[in-house]
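*Asks:* Sequence and predicted structure below; questions after.
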Amino acid sequence: MKLKVLVVGAGLYVCGRGTAGFGTVLPALYETYREGLLEKVYVAATNPNTIKELYGKVKELNRVMGMALPVEGFPTERPESYAYKRVLIEHEPHCAIVTVPDHLHFRITLEIMRKNVHALVVKPLVPTLREARLLIRYARKHNVYGAVEFHKRYDEANLKLRNLILGKKLGDILSVDVNFSQRKSIPEKFFKDWALKTNIFQYLGVHYADIIYFCTGASPLRVMATGQKKWLVKRGINTYDAIQVVVEWGNRITGEKFVSTILTNWIDPNTTSAMSDQRIAVVGTEGRYDSDQKNRGVQIVTDHDGIEDFNPYFSQFYTDGGGKIVFRGYGQRSIHQFLSDVADIVNGDKQPLDFYGVRPTFEEALVSTAIIEAAHRSLRKNNNWVTINRLRKVRRD
């Protein structure tokens, strides 16, 4: 059976809204459609002008990729806050990709799962453990598959780090240091309407909170966060320019511990050579791992665009040997994996529980959610350490 897919949201990550690009979600759906897994895509936004721009992107992608992806957008005539509800009732999609602002994740995802629709949520899952546990309980009770779009788990650079750590090639881990930042245009232009309802660590740093857990299997023990509000508040956006989070990790059985620092900001100059500047360094007793995940060894300089540090591994268009334009990268693989998993569930070959422990499921996201919540508390409590209690798995009702 081919899948009917609902995409909730039609912004930068979905279709490149407001830019000359096409985002990641929409091109990834084209590739999955090429493989014969999809029947139709429904996109729900809140404004008909957004859908009009979406249709322009679809028209151009149809030309570029040499195929016509069946896409229907809502609303088309007047603003509609809950267009996705209409799609759920009238079209009964098999799964949904939730790409809305962070503070809307819980309500919309729960409403989707109540229609027995499998859900992929862009990071972070939700800001609080209470919300995460409610989603997990509902998903398990009603046999619905829920996953988080943690695409960095599919990046070969991070998979290599995981292999080194699990294979004890680095010895005992002592420290992990992350620097991750984005241009000012992200909070000032693309996410201006909701930037004050999130923060840079919750939106961006959560990626590496998850990667550290994914690569080490360690549990977060306590968290301390500091932050600065200077540049954005002067422009009417009351959120942090930068946040620095220290996490103490450990194995509760052996007592072994290490510390990570995740330094994030979203006020890099708009003239930087890449949208994201990101680095990770891991030091162990028998080795170290350094990964500049901005500088992938490819730099492009043109009169039109200036200097660009190009990441060929995330999500890019390429021409294959037959002259066909294809969309490849770990961003595309993350979305394709979810859709492939849902197809296996719908066709009776798998059950949602088969993916626990092997995919970035809602339950896997408990760790990153706990760190986000603890960081928020630390920021509110004069940057004090906040202890994280043992994250017990949610019992099946």
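*Replies:* Yep, that arrived.
*Asks:* what's the residue of the chain positioned farthest from its centre in contact with, if anything?
*Replies:* Within the chain, the residue lying farthest from the chain centre (Cα atoms, centre = their mean) is Asp303, at 32.6 Å. Under the criterion of Cβ atoms under 8 Å, 6 or more residues apart in numbering, Asp303 has no contact partners. All C-beta spots, glycine's among them, are computed from the backbone N, C-alpha and C.
*Asks:* Quick check, pLDDT for it.
*Replies:* Note on Asp303: pLDDT of 94.
*Asks:* For it, grab phi and psi.
*Replies:* Reported as degrees, to the nearest 10, the phi and psi values for Asp303 are phi -60, psi -30.
*Asks:* Repeat that for Thr24.
*Replies:* phi -120, psi -40.
*Asks:* Give the closest residue to Lys169 in space, chain neighbours not counted.
*Replies:* Counting by Cβ to Cβ, 6 or more residues apart in numbering, the nearest residue to Lys169 once its immediate chain neighbours are dropped is Gly287, at 6.0 Å.
*Asks:* Quickly list what the one you found is bridged to.
*Replies:* Gly287 has the following beta-bridge partners by DSSP bridges: Gly284.
*Asks:* Number of residues surrounding it?
*Replies:* Applying other Cβ atoms under 10 Å, we find 13 other residues in the vicinity of Gly287.
*Asks:* Leu134 now?
*Replies:* Leu134 is flanked by 16 other residues according to other Cβ under 10 Å.
*Asks:* distance of the nearest residue in space to it that is not next to it in sequence from Glu131?
*Replies:* Spatial nearest neighbour of Leu134, chain neighbours left out: Leu110 (7.2 Å); criterion: Cβ to Cβ, 6+ apart. With distances defined as Cβ to Cβ, to the nearest Å, the gap from Leu110 to Glu131 amounts to 9 Å.
*Asks:* go on, Asn49?
*Replies:* If you go by Cβ to Cβ, the gap between Asn49 and Glu131 works out to 31 Å.
*Asks:* neighbour-wise, which of those two wins?
*Replies:* Neighbour totals were compared for Asn49 and Glu131, and Glu131 leads with 18 against 9 (other Cβ under 10 Å).
*Asks:* Need the three-state assignment for Val223.
*Replies:* The local conformation at Val223, judged by DSSP: H, G, I helix; E, B strand; the rest coil, is strand.
*Asks:* Pairing-wise in the sheet, spell out the partners of it.
*Replies:* Taking DSSP bridges, one finds Val247, Val386 as the beta-bridge partners of Val223.
*Asks:* surely it meets Ala375?
*Replies:* Yes - if you go by Cβ atoms under 8 Å, Val223 and Ala375 touch, sitting 5.5 Å apart.
*Asks:* Identify the contacts common to the two.
*Replies:* Common contact partners of Val223 and Ala375 (Cβ under 8 Å, 6+ apart): 245, 386.
*Asks:* So between these two, which is more surrounded?
*Replies:* Ala375 (28 against 25).
*Asks:* The more buried one contacts Phe201, doesn't it?
*Replies:* Yes - using Cβ under 8 Å, Ala375 is in contact with Phe201, at 5.6 Å.
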